[in-house]
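S.K.: below: sequence and its predicted model.
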Amino acid sequence: MTQTAKIAFIGAGNMASAIFEGLIANGYPVDQIWVTDRSEEKLAPYAARGLKATTDNDEALAACDIAVLAVKPQVMKTVVEAHRDAIQQYKPLLVSVAAGIDAESLSNWAGDDVAIVRCMPNTPALVQTGASGLYANALVSEQQRQQTEEILAAVGITLWVENEAQIDAVTAVSGSGPAYYFLFMEAMAKAGEQLGLDAETALKLTLQTALGAARMSTQSDLAPAELRRNVTSPKGTTEQAILSFQQQGIDEMVLKAMTACRDRAEALTEELCKD
Ligand SMILES: NC(=O)C1=CN([C@@H]2O[C@H](COP(=O)(O)OP(=O)(O)OC[C@H]3O[C@@H](n4cnc5c(N)ncnc54)[C@H](O)[C@@H]3O)[C@@H](O)[C@H]2O)C=CC1
Ligand SMILES: O=C(O)[C@@H]1CCC=N1
């Protein structure tokens, strides 16, 4: 059913392109995908590949069943209000991926009575390894829930949350999460060089190790703590590195960072949604 759903991506930036490129790689027909942007230059390569590309958001809203709102939170209000008439006329399901923009505000800006799913995806959708948290407002039908879920399930795992506030926690875990792992990879590769490896070797070993650990932990029945213990021989080498991380307070450091992320999502709601 969703194989034929026409999807519009309003804003063809990092997050939108990760999702639609992931969908295309998974076999979604390109001519069912609309992408819009202010930049013609950004759209040209997509048009050349057969996606429906336009700078006219109204045209895309008119043509599609689902509109993924993928502009920055700071411009969401302006964009939604500017296209209120088309939204009211064509009533697409709105799927917002914006951090910190609540469903009630989106609904107000869109002129009310609009089915809205808030989605917090992440960029590994590009390689069909995404993770999306989803929250639906009361106007979203069961069929629309299924449609949304099927689209996002094509590019990764999907989990519905029970209350909207949990979307901010999802943001802290998986929405922003890829950046934490990239940061750790950067640090490991740098340290590998400082310990005497050439840059290319240090990076290759780091990335393969990240991939191996991610794959093992997702495919194993064992919890990450158990997998860690299996690498850590008593009086061996790993033990010293783990002790060093723990003595420097890795749990507290991670909790503090993720709390700051969650708090920023809440602050965006205060800044951008409370008129
Ligand atoms: N980048 C990420 O890893 C994630 C981003 N998000 C959310 O995705 C949204 C987009 O973020 P990014 O893709 O990183 O930003 P981005 O800046 O790469 O993309 C936004 C795009 O929207 C376009 N745009 C601006 N005004 C427009 C308009 N009136 N009509 C059509 N297009 C317009 C811009 O030209 C730009 O290409 C944000 O709300 C963010 O919170 C959510 C999860 C992860
Ligand atoms: O940094 C941001 O605000 C966006 C939302 C989650 C990931 N990137």
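M.R.: Right, received. Where do you want to start? Ligands and ions are numbered 1, 2, ... in the order given.

S.K.: from the stretch 101-250 of the chain, which residue is nearest to ligand 2?
M.R.: Going by C-beta to the nearest ligand atom, ligand 2 is nearest to Gly175 of the stretch 101-250 of the chain, at 3.6 Å. Backbone N, C-alpha and C define where each C-beta goes, glycine included.

S.K.: quick check: that residue touching Pro121?
M.R.: Yes - Gly175 is within contact range of Pro121, at 7.2 Å (criterion: C-beta atoms under 8 Å).

S.K.: contacts for whichever strand or helix holds Asn108?
M.R.: Element membership for Asn108, per DSSP states H and E: helix 103-110. Helix 103-110 has contacts (C-beta atoms under 8 Å, 6 or more residues apart in numbering) with 69, 76-77, 80-81, 84, 87-88, 94, 96, 113-114, 116, 118, 135, 137, 164, 272-273.

S.K.: give the buried subset of the residues you listed as a ChimeraX selection command.
M.R.: In ChimeraX, a selection of the buried entries from those looks like this (16 or more other C-beta atoms under 10 Å):
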select :69,76,77,80,87,94,96,114,116,118,135,137,272,273
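
S.K.: quick one: low-confidence parts of the protein?
M.R.: 1-3 (pLDDT under 70).

S.K.: rerun that using 50 as the cut-off
M.R.: Applying pLDDT under 50 to the chain flags residues 1-2.

S.K.: and it, which residues reach ligand 2?
M.R.: Residues of the chain lying close to ligand 2 by C-beta under 6 Å from any ligand atom are Ala99, Thr171, Gly175, Ser176.

S.K.: rerun at 5 Å
M.R.: Ala99, Gly175, Ser176 (C-beta under 5 Å from any ligand atom).

S.K.: can you tell me which of the residues you listed lies closest to Gln248?
M.R.: Closest approach between those and Gln248, by C-beta to C-beta: Ser176, at 21.8 Å.

S.K.: what sits against that closest one?
M.R.: Applying C-beta under 8 Å, 6+ apart, the residues near Ser176 are Asn122, Cys261.

S.K.: now it. Its backbone dihedrals?
M.R.: Per-residue torsions, Ser176: phi -90, psi -20 (degrees, to the nearest 10).

S.K.: shift numbering so it begins at 262
M.R.: Okay, residue one is now 262; in that scheme the one you just asked about reads as Ser437.

S.K.: and the closest residue to Gly391 other than its chain neighbours, how many neighbours?
M.R.: Computed as C-beta to C-beta, 6 or more residues apart in numbering, the closest residue to Gly391 that is not its neighbour in sequence is Gly417, at 2.9 Å. Residues contacting Gly417 under the criterion other C-beta atoms under 10 Å number 21.

S.K.: these two touch, right, Gly417 and Leu387?
M.R.: No - if you go by C-beta under 8 Å, Gly417 and Leu387 don't touch, sitting 9.7 Å apart.

S.K.: got any residues that touch both of these two?
M.R.: Between them, Gly417 and Leu387 share the contacting residues Gly283, judged by C-beta under 8 Å, 6+ apart.

S.K.: hey, where'd the helices end up in the stretch 362-511 of the chain?
M.R.: 364-371, 403-414, 427-431, 438-455, 460-480, 485-492, 499-508, 511-534 (DSSP state H, counting those that start in this stretch).

S.K.: contacts for stretch 524-535 next, please.
M.R.: Contacts of stretch 524-535 (C-beta under 8 Å, 6+ apart): 334-335, 337-338, 360-363, 365-366, 428-429, 432-433.

S.K.: show me what from the stretch 312-461 of the chain comes close to ligand 1.
M.R.: Ala331, Val332, Lys333, Pro334, Val340, Val358, Ala359, Ala360, Thr384, Gly436.

S.K.: most neighbours, which of these?
M.R.: Ala331 (28 neighbours).

S.K.: give me the nearest residue to it, chain neighbours excluded.
M.R.: Using C-beta to C-beta, 6+ apart, the closest residue to Ala331 is Ala277 (3.7 Å).

S.K.: and the one helix or strand the one you found maps to, is it in reach of ligand 1?
M.R.: Per DSSP H and E, Ala277 falls inside helix 275-286. Yes - under the criterion of C-beta under 5 Å from any ligand atom, ligand 1 is reached by helix 275-286 at Asn275, Met276.

S.K.: nice, that's everything, thank you.
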